[in-house]
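Undergrad: Predicted structure and sequence below. I'll ask about it afterward.
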Amino acid sequence: MTDREEFRTWVHSVLTEAEVALHNGDAGPRRAIWSHHDPVSVFGAWRDARGQQEVDELFTHLADSLTDCTSFRFELLDAEVRGDTAYTVGLEHTSVSVGGVPRAYTLRVTQIYRREAGEWTVVHRHGSPPPE
């Protein structure tokens, strides 16, 4: 299996499972796959964060706001691996309760990854609604 194939398998398993957990109110799996070494950043659909403390606060806020994920699908549009760096571009299609209110939405998401100690970690996320 090539690095790219292995990375894509990780995206469709570990990364996707972490996002489903977050949308069910559990930030632990997402925290586990994010780098614990700065720089890390999020340009989020709801809120931005830079550095470990702000990113952790954001994940806590999201986990406190999201429950009852009935559907999460990551539509991977593109991905590439170059050495210990990778990126993904895709659409996240989600049905979840936000503050107790059911919602369905799509975000276009670009993420950057760094391999640390042989494992992929997320170092940057940019999520926003797609243009109409």
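TA: Nice, I can see it. Numbers count the residues shown, from 1 in each chain.
Undergrad: nearest spatial neighbour of residue 121, skipping sequence neighbours?
TA: residue 35 (4.0 Å; C-beta to C-beta, 6 or more residues apart in numbering). For every residue, glycine as well, the C-beta is placed using N, CA and C.
Undergrad: Would you map the helices across this structure?
TA: For the chain, the helices defined by DSSP state H cover 3-10, 16-23, 28-33, 51-65.
Undergrad: would you turn those into TSV with distance to residue 92 and mean pLDDT?
TA: Below are these laid out as TSV (distance: least, C-beta to C-beta, whole Å; pLDDT from 0 to 100):
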stretch	distance to residue 92	mean pLDDT
helix 3-10	16	96
helix 16-23	7	98
helix 28-33	13	98
helix 51-65	13	97
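Undergrad: was I right about the residue nearest to residue 121 contacting residue 122?
TA: Yes. Counting by C-beta atoms under 8 Å, residue 35 does reach residue 122; the two are 6.7 Å apart.
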